[in-house]
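Visitor: Quick one, fold the following:
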Amino acid sequence: MTSVLVVGYDPQAIPGVDGEALRAALDGELARFGEHGIDAAMALVVFGESAESTLIASLAERPWDVVVVGGGIRKTEQLLPLFEQVVNLIRRHAPQAAIAFNTSGGDSVEAARRWL
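Guide: Below you'll find the model as predicted:
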């Protein structure tokens, strides 16, 4: 079975956002992977805290076929250093994985399938 890791910004750490509702939507997207026969997991990180150790632990869980980096990390200008860190950690700790980018939390399956 193919495997995908989705890396996103922890919705609980976003001021003014209903983190629980966003997390429920992300969990729904993980369920969609299963509908396509893809084993998926999620790593949620926060800038300036334990992003590196969290991501390294997730990348080391298994050999991922694709790692999807979420738009919340990629599209936020203030998170550019985190985005760079994420891409470089993927390159170092999961060199066999393709790297994909979603446009929102609702199209991670499609982003991953472009590389499967």
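Visitor: and Leu55, what element?
Guide: Using DSSP states H and E, Leu55 sits within helix 51-60.
Visitor: That helix: how far from the chain's middle?
Guide: Distance of helix 51-60 from its chain centroid, counting by C-alpha atoms, centre = their mean, to the nearest Å, is 11 Å.
Visitor: in it, what counts as buried?
Guide: Neighbour-count burial for helix 51-60 flags Ala51, Thr54, Leu55, Ser58, Leu59 (criterion: 16 or more other C-beta atoms under 10 Å). C-betas here are computed from N, CA, C, even on glycine.
Visitor: Report the two of those separated the most.
Guide: Maximum pairwise distance in the buried residues of helix 51-60, criterion C-beta to C-beta, is 12.1 Å, between Ala51 and Leu59.
Visitor: tell me the phi and psi of the residue of the chain most remote from its centre?
Guide: Most distant from the centre of the chain: Gly16, at 21.3 Å, with distances by C-alpha atoms, centre = their mean. Main-chain dihedrals, Gly16, degrees, to the nearest 10: phi 80, psi 10.
Visitor: mind listing what's buried in stretch 67-80?
Guide: Using 16+ other C-beta under 10 Å as the test for burial, stretch 67-80 gives Val67, Val68, Val69, Gly70, Gly71, Gly72, Ile73, Arg74, Leu79.
Visitor: Can you pull out the residues in contact with that stretch?
Guide: With C-beta atoms under 8 Å, 6 or more residues apart in numbering as the contact definition, stretch 67-80 has outside contacts at 4-9, 14, 45, 47, 59, 82-83, 86-87, 90, 94, 97-105, 108, 111-112.
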